[in-house]
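Chemist: Structure for this input, please:
(chains A and B)
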2 protein chains.
Amino acid sequence: MARPLFRRKLDLSKGKIELVHGSGGKASAQLFEEVFLPSFRNPALERGDDSADLSLGGRIVVATDGHVVSPLFFPGGDIGYLSVHGTINDVACGGAIPHAITVGFIIEEGFPLADLNRIAASMGAAAREANVAIVAGDTKVVERGNCDGVFITTTGIGTVPDSIENPPRADRPEPGDKILISGPIGEHGVTILAAREDLPLATPSKSDTAPLHRMAQSILHAAPGTKTLRDPTRGGLATAINEICRSSGTGAQLVESAIPIKPPVASACEVLGVDPLYLANEGKLIAIVPANEADAALDAMRAGPHGEGATEIGEIIRDPHGFVQIETALGGKRMVDWLVGDPLPRIC
Amino acid sequence: MARPLFRRKLDLSKGKIELVHGSGGKASAQLFEEVFLPSFRNPALERGDDSADLSLGGRIVVATDGHVVSPLFFPGGDIGYLSVHGTINDVACGGAIPHAITVGFIIEEGFPLADLNRIAASMGAAAREANVAIVAGDTKVVERGNCDGVFITTTGIGTVPDSIENPPRADRPEPGDKILISGPIGEHGVTILAAREDLPLATPSKSDTAPLHRMAQSILHAAPGTKTLRDPTRGGLATAINEICRSSGTGAQLVESAIPIKPPVASACEVLGVDPLYLANEGKLIAIVPANEADAALDAMRAGPHGEGATEIGEIIRDPHGFVQIETALGGKRMVDWLVGDPLPRIC
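Modeler: Sure, this is the predicted structure:
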């Protein structure tokens, strides 16, 4: 980069975001160079244009996610990790390998620079670990009281490898397909709930936020007939399965006793009166696969990180109404509706 | 799409956004289907996955812009038009033809559905007019008081045509290159300022918000040596030229009397005490071109819509300090610095 714009560097321990950091002028450039660039450094970003160019061929997958989680920092992660993982995972569920991320920050005047720097460092770390580059971005600052700290919108861009003929889609499941989950549910939701309400959990829980594109590719190679991949974030497992059933015009039959839930999450749900089926996950994959590929898909999930607890939890059934049912531990059946109210706004 | 999720449709005249519209559950799906899908309709969006796939080959350009403009509706446009044009124009300045846009909404609880629907309709109209598809998106809702109405972050994705060998970049200008502007400056900035402060302008002004990718392609074909294209938004012409000089290690010499400003903008600037060089534009292009291609580039700009007022306003000079100077109407010279304070937060 060229000569420094200011003699005095930003005070990253005590400094605050000012409106001028969003002006597009010299202070914006300083914020970019002293906070974002050191964390995200890559050639596309360093060039100083308003766009980034990428050499990508073939089938491109894009996904966008806004992140408004409260609190910004929580056990197991922060809004920075979440904003990279959430978008990578949506790209991964499209069958693609993510290559690049763009980021739009909306920041409240007065926000501590130290917190922003910590969030940028988390994003950089998450991006490097996932082998994606943060290639373009934008920062706006709004007056005090007009947003809550920082909101981060990320867009992920990836390519589908040539070896994947039929990328997973929500409308492909058919009766008889098996429903798999990569591990225990509800950890992110319970963690945020506990952090927000300052609830002392008997056993502390932490967010499962993690990048899942490597697991997704392993599944697609081990089980090439895979119909759908989905990360059950907001709205939880229950809502994700309902969405898939609606898109594909099928129903689903889940087995309650087969759905993995860690004891601290289960007991927190009992105390708080929330249903773990509706709690957000940020590091879990649902895979809908043909019955004869279920074992191969499970082996692929279990072989890598983040998938050791993978298991089969039900199957797709014929149902023109698209209902999702669950067989309860007592042998009865109940309907599992979409999330209707919102037990927990700003979970991600 | 499948069966409706609710018996009762959203009330698009009197309804308000509720937290549950951001829950990722049934109400989120309804908002998507009754507000966004009708305005944005295209196959990628209709499929119901968390990502969109695009078949794009070769050199991809991406750009992201957050939009926090206040007020949301103003003469000549609204946040919806702005959020599509702003991002298209950044992609265009990378030498690419934009194909797709993703959109992340962050909405305040209680926001009128009628306003959201109007904004979605503006985005759909702007996208269709520019021949881009809004292919993926996300909606979050935050509690009343935690954001100001609606913030929209868009990401644009385009491809550089094979015929363009050397896409424009901020670091390419060299001494002797000419600086062109596609028309009169300051209209967007003055319009927002007047709308926000409820100032009665003698002659009303309106925003110049417009898509510029067709003009950008015309310039690049007429003047293949074009070094840089830039849309001078936040921070205005002065900041954009400073950024380009800094990236390329050159200086610039502008001619004040050559810079086109419409009389209502000039008189408003005089009354308000603001410098039009720092006012935002949302429908203007700066082109830095070799001297022998300046006429061809100007002809290309003037031949299409939005470029009738194109003119040469200065040249790139040798200056290792990267300073931008302007020759005043009286024959003197003054320095033109970056925007340092922020005369007008939330201009876009």
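
Chemist: Does anything pack onto the longest strand seen in chain A? Which helices or strands?
Modeler: Secondary structure assigned by DSSP state E gives strand A:97-108 as the longest strand of chain A. Based on contacts counted as 3 or more CB pairs under 8 Å, 6 or more residues apart in numbering or on different chains; DSSP states H and E, the elements that strand A:97-108 packs against are strand A:52-55, helix A:79-93, helix A:113-130, strand A:133-142, strand A:150-159, helix A:213-222, strand B:59-67, strand B:150-159. Backbone N, C-alpha and C define where each C-beta goes, glycine included.

Chemist: any idea of the mean pLDDT in the second one?
Modeler: In this model, helix A:79-93 has a mean pLDDT of 97.

Chemist: wait, does that helix make contact with chain B?
Modeler: Yes - figure legend: helix A:79-93 in contact with chain B (CB under 8 Å from any CB of the partner chain); contacting residues A:90-91, A:93.

Chemist: Nearest to chain B among those residues?
Modeler: Among the residues of helix A:79-93 next to chain B, A:D90 lies closest to chain B (CB to the nearest CB), at 4.2 Å.

Chemist: List the neighbouring strands of the longest strand of chain A plus their orientation.
Modeler: In the sheet containing strand A:97-108, the strands it pairs with under DSSP bridges are strand A:133-142 (parallel), strand A:150-159 (antiparallel).

Chemist: the inter-axis angle of that strand versus helix A:79-93?
Modeler: When axes from the mean of the first three to the mean of the last three CA atoms, to 10 degrees is applied, the directions of strand A:97-108 and helix A:79-93 differ by 140 degrees.

Chemist: ok, back up a step: turn the helices and strands packed on strand A:97-108 into TSV, columns for mean neighbour count.
Modeler: Shown next, in TSV, are the helices and strands packed on strand A:97-108 (neighbours: other CB atoms under 10 Å in any protein chain shown):
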stretch	mean neighbour count
strand A:52-55	19
helix A:79-93	30
helix A:113-130	20
strand A:133-142	26
strand A:150-159	29
helix A:213-222	22
strand B:59-67	27
strand B:150-159	29
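
Chemist: Report how many residues lie close to the residue of the stretch 151-300 of chain A found nearest chain B.
Modeler: Distances from the stretch 151-300 of chain A to chain B, computed as CB to the nearest CB, single out A:R234 as the nearest residue at 2.9 Å. By the measure other CB atoms under 10 Å in any protein chain shown, the count of residues near A:R234 is 29.

Chemist: and the stretch 101-250 of chain A, which residues reach chain B?
Modeler: A:102-106, A:135-143, A:145-148, A:151, A:153, A:155-157, A:160, A:167, A:169-171, A:230-231, A:233-235, A:239, A:243, A:246-247, A:249.

Chemist: let's see it at 7 Å
Modeler: By CB under 7 Å from any CB of the partner chain, the part of the stretch 101-250 of chain A that sits against chain B consists of A:102-106, A:135-138, A:140-143, A:146-148, A:151, A:153, A:155, A:157, A:160, A:167, A:169-171, A:233-235, A:239, A:243, A:246-247, A:249.

Chemist: Can you tell me whether I have it right that A:A296 is in a helix?
Modeler: Yes - the assignment for A:A296 (DSSP: H, G, I helix; E, B strand; the rest coil) places it in a helix.

Chemist: For it, which non-adjacent residue is spatially closest?
Modeler: What sits nearest to A:A296 in space, not counting adjacent residues and going by CB to CB, 6 or more residues apart in numbering or on different chains, is A:A222, at 4.4 Å.

Chemist: any idea of the pLDDT on that neighbour?
Modeler: Each residue has a pLDDT score; the one for A:A222 is 98.

Chemist: Can you flag the weakest of the strands paired with strand A:97-108 by average pLDDT?
Modeler: If the strands paired with strand A:97-108 are sorted by mean pLDDT, strand A:133-142 sits at the bottom with a mean of 92.

Chemist: okay, the angle between it and helix A:113-130?
Modeler: Put simply, strand A:133-142 runs at 160 degrees to helix A:113-130, going by the same axes, to 10 degrees.

Chemist: Which residues are in contact with A:P290?
Modeler: With contacts defined as CB atoms under 7 Å, 6 or more residues apart in numbering or on different chains, the neighbours of A:P290 are A:177, A:225.

Chemist: and it, how far is that from B:E308?
Modeler: Distance, A:P290 to B:E308, by CB to CB, to the nearest Å: 60 Å.

Chemist: same check, this time on A:A130
Modeler: From A:A130 across to B:E308, the span is 47 Å (CB to CB).

Chemist: same question, A:D171
Modeler: 47 Å.

Chemist: do the same with A:V255
Modeler: Distance of A:V255 to B:E308, computed by CB to CB: 68 Å.

Chemist: Equivalent analysis for A:N89, please.
Modeler: 47 Å.

Chemist: What sits closest to the most centrally placed residue in chain A if chain neighbours are left out?
Modeler: For chain A, the residue lying nearest the average C-alpha position, counting by CA atoms, centre = their mean, turns out to be A:G86 (2.1 Å). What sits nearest to A:G86 in space, not counting adjacent residues and going by CB to CB, 6+ apart, is A:D65, at 4.5 Å.

Chemist: Just the pLDDT for the one you found.
Modeler: In this prediction, A:D65 carries a pLDDT score of 95.

Chemist: What residues are bridge-paired with it?
Modeler: Beta-bridge partners, per DSSP bridges, of A:D65: A:T154.

Chemist: where in the stretch 1-150 of chain A is pLDDT low?
Modeler: Along the stretch 1-150 of chain A, the model assigns pLDDT under 70 to residues A:1-3.

Chemist: make it 90
Modeler: A:1-8, A:18-20, A:22-30, A:33, A:37, A:39-59 (pLDDT under 90).

Chemist: Spell out the residue ranges of the helices in the stretch 151-300 of chain A.
Modeler: A:187-197, A:213-222, A:236-248, A:263-272, A:294-303 (DSSP state H, counting those that start in this stretch).

Chemist: looking at those, which is buried most?
Modeler: Across those, averaging neighbours per residue (mean count of other CB atoms under 10 Å in any protein chain shown) puts helix A:236-248 on top, at a mean of 25.

Chemist: Centre of the chain to that one, how far?
Modeler: What separates the centre of helix A:236-248 from the centre of its chain is 17 Å, taken as CA atoms, centre = their mean, to the nearest Å.

Chemist: Are there helices or strands packed against it, and which ones?
Modeler: Taking 3 or more CB pairs under 7 Å, 6 or more residues apart in numbering or on different chains; DSSP states H and E as contact, the helices and strands that helix A:236-248 lies on are strand A:228-230, strand A:251-255, strand A:324-327.

Chemist: Mean neighbour count and distance to A:P184 added to those strands, as CSV?
Modeler: Written out in CSV, the entries for these read as follows (neighbours: other CB atoms under 10 Å in any protein chain shown; distance: least, CB to CB, whole Å):
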stretch, mean neighbour count, distance to A:P184
strand A:228-230, 26, 17
strand A:251-255, 21, 15
strand A:324-327, 21, 17
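
Chemist: Let me have those in JSON lines, extended by mean pLDDT.
Modeler: Output for the helices and strands packed on helix A:236-248, formatted as JSON lines (pLDDT from 0 to 100):
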{"stretch": "strand A:228-230", "mean pLDDT": "97"}
{"stretch": "strand A:251-255", "mean pLDDT": "98"}
{"stretch": "strand A:324-327", "mean pLDDT": "96"}
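
Chemist: and those as JSON lines, adding distance to B:M215?
Modeler: What follows is the helices and strands packed on helix A:236-248, written out as JSON lines (distance: least, CB to CB, whole Å):
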{"stretch": "strand A:228-230", "distance to B:M215": "41"}
{"stretch": "strand A:251-255", "distance to B:M215": "51"}
{"stretch": "strand A:324-327", "distance to B:M215": "51"}
